[in-house]
Structure formats: structure tokens, C-alpha cells
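1. model this:
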Amino acid sequence: MRINQVISLSQFIADQQSKHPEATGDLSKIFRDIKFGAKIVNRDVRKAGLVDILGAHGTVNVQGEEVKKLDIIANEEFKSSLTLGGDCCAIISEEEEDIHHIETTLNQDSKYIIAMDPLDGSSNIDVNASIGTIFSVYQRISPVGGPVTMEDVLQKGSNQVAAGYIIYGSSTMIVFTTGQGVNAFTLDASIGDFLLSHPDIQIPKDGTIYSINDGNYDRFDQGVKNYLDYCRNSKIKKPYSARYIGSMVSDFHRNLLKGGIFMYPSTSDATEGKLRLMFESNPMAFVTEQAGGKATTGDGTRILDIEPTEIHQRNPVFMGSPDMVDKAESFIKVK
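-> Numbering: from 1, shown residues only. Alright, predicted model coming up:
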């Protein structure tokens, strides 16, 4: 009888590290801390409805959005895990206005900075729909041991060392890249570890799914409207399907596996777009490109080439199957 080989996330990272003799192991420890935080948040998500962690927290974040109780819980749990791990020198979070400096003795020689959206799609929490965590890892530019600077934090997406997301759905998965392809690991609750379930993910070159908040149609530029009209045209070769959950992680994950395009264009009342460059666009663009996809602002600008100017900068997003992104851009450029 043949027994299928089971590879845990820890084993996978150790194997990858062994291929790089110059590696210090610090990045592996960052993933250990992210994995631990993911398991804690997963536990709390699974308790939603049984304990008082649903609903609004009664505050708004730096984006002016209502904060959910689980937003705060997830933010604190990931911060705690990354701080106690000792391999992270600073964190920027969608939930906080400024840099969270980690200045403990344990972290004084740390060189990695984490950007995170601790709970993406939190508006879905109360209705038990899929939500997620998005993370990104950068290596600081300034000398280790000194204070983390804004230059360390505001790096282009092309400088990311690693990026990925955690999806809390029918199963809990970590999907990530370190610049050598994309792999996904599913949490096996019976052993308490993430196991390799989707090796070397490649997004289909083309697809039939488009994901967008169609309620904003009247506020989109004409080029975007024209592309959506094209997607709805029953005479095209492959009829398209509209799928939109309202959680970037969930919509992105489906399109990554099945082929499709995720779009969050600018609107007449949000001319810079809505999604955050550092917390959502850059990490997801890195994953997209590593899976063979394309990620732009819709006008041909590669997301990973954008020079950030502020922590909470926003930008339009078009990402997914490369043929679909190219087709969308062809309509947007013509207008």
C-alpha cells in the first residue's frame, strides 16, 4: 500500500531554507509566528456567535471605517505573536495610523518589517461569510539595531521578501510566496498544523469569472463600464459569471484557483481607489505574479512598481488571469 507523503508548513519552509546556505532562518521564524497567529485567529473565528466577539467595537479605524470586535482581536493577536517571536522589528497595520515599533531586547537585531491587514472582509463577520488575513514581509533598509524609519516601511512591492494571505472559510488555509512560486497549506485541526494541499499554484491564463462591486457601476469611469458591459454580453465566446463576496481574500482565492479577474477601480467619489497599497494591493499583486497572473492599476501601471508615499495610500486594482487583465485594460485605455 502506498502512503501519500504529507508535508507540513514547517517542513516545507525548512526544506526551502536548506536550498539557500546563506539563509539565517529568520524568515522561517517569521512564518512560524504568522502560522501561530493564524491558528489563534482561526480559533476565535470558529467561536463567533458563541462568545461576545461579533458586532461593532464602537470605534472607527484610520480609514474612517467601523471597527469590528474581531478586527481588534486579530490585530492584537498577530502583533503579539510577531513581537514575542523576536524576528520582527516593526509592524504596520491597516488598523493603526502609524508604525508599531518593536523595541524589546529580543527584537533589537531583527531586520524584518511586517505589513498586514489583520482581518480582511470584516463586514462579513456577522453573516458567517469567508474572511481573511493579508500579510507582507519587507527587509529593512536602515542599519539593524537603530530605529525603523519611514524609508524602511515605504518600499515598493517589488521589494517584498514574502507575502500571502490566510483564508478562514470552510477550511483554513495559508497561501504564500517567497518569490519562488505560490503554495497553499490547509489547517488539519486533528494535528494542529498546516499541510501542503495546493503545491505550485498557477492561475489559469484566462477565465470566465469577474469580481467587482457592481453597485458602484454608475460611479466607474466609462472604460470600466464598457468592460463590464463586455463581460455581460451573452454573445462573447465564453459567457462570464459575476462572483463577488465582499472580502478581497475570498474573491481573490477563488479566482486564483479557477481563473478570473478581481477589480476594485477608482470611482467618482474615491478617485484614488479604495484598496490599500501596502496592506492589500502589494501582497496580493506579488502572489498574483508569482502564480503567473497580472496585477495593475488598470492603466498598464504594474502595482509592484508603485512608489508608496504614505502608509495608508490607496490605489485602483485589476488582478488575476493575465488575458482577462489585458482585456480589461484594452477597454480602459480606449474609454
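
2. Not counting its neighbours along the chain, what's nearest Lys205?
-> Asp323 (5.5 Å; CB to CB, 6 or more residues apart in numbering). All C-beta spots, glycine's among them, are computed from the backbone N, C-alpha and C.

3. how near is Val144 to Leu27?
-> Look at Val144 and Leu27: by CB to CB, to the nearest Å, they are 14 Å apart.

4. quick one: which of the two has more around it?
-> When Val144 is set against Leu27 and neighbours are counted by other CB atoms under 10 Å, the residue ahead is Leu27, at 21 against 11.

5. what kind of secondary structure is the more buried one in?
-> helix (DSSP: H, G, I helix; E, B strand; the rest coil).

6. how close does it get to Lys19?
-> Distance of Leu27 to Lys19, given as CB to CB: 13 Å.

7. Over to Gly292?
-> For Gly292, the distance to Lys19 (CB to CB) stands at 21 Å.

8. between these two, which one's more packed in?
-> Gly292 (15 against 8).

9. Please verify my assumption that that one contacts Gln202.
-> Yes. With contact defined as CB atoms under 8 Å, Gly292 counts as touching Gln202 (5.0 Å).

10. Give me the common contacts of the two.
-> Overlap of the contact sets of Gly292 and Gln202 (by CB atoms under 8 Å, 6 or more residues apart in numbering) is empty.

11. Which parts of the stretch 51-200 of the chain are helices?
-> 69-85, 150-153 (DSSP state H, counting those that start in this stretch).

12. Would you list the phi and psi of Thr271?
-> Backbone torsions for Thr271, taken as degrees, to the nearest 10, come to phi -70, psi -20.

13. So Gln290 is in contact with Thr177, correct?
-> Yes. Assessed by CB under 8 Å, Gln290 is found in contact with Thr177 at 4.1 Å.

14. Do a quick rundown of the strands in the stretch 51-200 of the chain.
-> 56-60, 66-68, 88-93, 100-101, 112-120, 131-139, 162-168, 172-177, 182-188, 193-198 (DSSP state E, counting those that start in this stretch).

15. Out of those strands, flag the one nearest Glu76.
-> Closest to Glu76 of the strands of the stretch 51-200 of the chain is strand 112-120 (CB to CB; 8.4 Å).

16. other SSEs contacting that closest one?
-> helix 26-47, helix 69-85, strand 88-93, strand 131-139, helix 150-153 (3 or more CB pairs under 8 Å, 6 or more residues apart in numbering; DSSP states H and E).

17. hmm, try it at 10 Å
-> For strand 112-120, the elements it packs on are helix 26-47, helix 69-85, strand 88-93, strand 131-139, helix 150-153, strand 162-168, helix 248-258, helix 282-290, judged by 3 or more CB pairs under 10 Å, 6 or more residues apart in numbering; DSSP states H and E.

18. Quick check: neighbours of the fourth one in the sheet, parallel or antiparallel?
-> In other words, strand 131-139. strand 112-120 (antiparallel), strand 162-168 (antiparallel) (DSSP bridges).

19. could I get those as CSV with mean pLDDT, mean neighbour count and distance to Ile40?
-> Formatted as CSV, those follow (pLDDT from 0 to 100; neighbours: other CB atoms under 10 Å; distance: least, CB to CB, whole Å):
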stretch, mean pLDDT, mean neighbour count, distance to Ile40
strand 112-120, 95, 27, 11
strand 162-168, 96, 27, 11
